[in-house]
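Student: curious how this folds, go ahead:
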Amino acid sequence: MTTVLVLNASYERLHYVSLPHAVRMLVRQVAVVEEVAAGRALGPWPRPKVVRLLRYVAMRWRHRTRPSWSRRALLTRDGHTCAYCGARASTVDHVLPRSRGGSDSWLNTVAACQRCNHRKRDRTPAEAGMPLQIRPFEPTWEQVLAA
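Tutor: Residues are numbered from 1 along each chain as shown. Below is the predicted model:
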């Protein structure tokens, strides 16, 4: 399913929504199309890639909490770059494997290419002889939405 970027009325990034959700926003006239994606039109609207809200939405929730962990946000945080070899990353690797008590958290996961993820297997980076080139960190909202 295609995702659509939603901008606030002030042109700051809010989040991504599904294409059907974006179309519903257009039908309800709460958003307008800012950037068009290639493809067929959806009724009277072009296929949206970016929509902008017509009214400003206060984002107080962003200042209270940090972004929650997700695979997509982790790959964005690491720039789709493998933490072990620097190649294009498409998988998530747990620094401390889940079988040993590791969890899906910002400080325990890094982006990894399939080759390095397979090579490291169920070991820590030290045991596998694969030092991390980047240090895991907890990102800000701006870093997660920078995609």
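Student: so the nearest residue to Pro97 once chain neighbours are set aside, which of the three states?
Tutor: Excluding the flanking residues, the one nearest Pro97 by C-beta to C-beta, 6 or more residues apart in numbering is Asp122, at 4.9 Å. No exception for glycine: its C-beta is placed from N, CA and C like everyone else's. When classified by DSSP: H, G, I helix; E, B strand; the rest coil, Asp122 comes out as coil.
Student: got the phi/psi numbers for Asp122?
Tutor: Reported as degrees, to the nearest 10, the phi and psi values for Asp122 are phi -100, psi 40.
Student: wouldn't it be in contact with His94 here?
Tutor: No: with contact defined as C-beta atoms under 8 Å, Asp122 does not count as touching His94 (9.3 Å).
Student: which of these two has more neighbours?
Tutor: Neighbour count, other C-beta atoms under 10 Å: between Asp122 and His94, His94 has more, with 20 against 11.
Student: please determine how far the nearest residue to that one once chain neighbours are set aside is located from Thr124.
Tutor: Sequence neighbours aside, Gly102 is the residue nearest to His94 in space, at 4.5 Å (criterion: C-beta to C-beta, 6+ apart). Here Gly102 is placed at a distance of 9 Å from Thr124 (C-beta to C-beta, to the nearest Å).
Student: please, where are all the helices along the protein?
Tutor: With DSSP state H as the criterion, the chain has helices at 19-27, 60-64, 71-77, 114-120, 125-128, 141-144.
Student: which other residues reach the longest one?
Tutor: Going back to what we said before, that points to helix 19-27. Residues outside helix 19-27 that contact it (C-beta atoms under 8 Å, 6 or more residues apart in numbering): 1-4, 6, 17, 31-33, 42-43, 45, 47-48, 51, 53.
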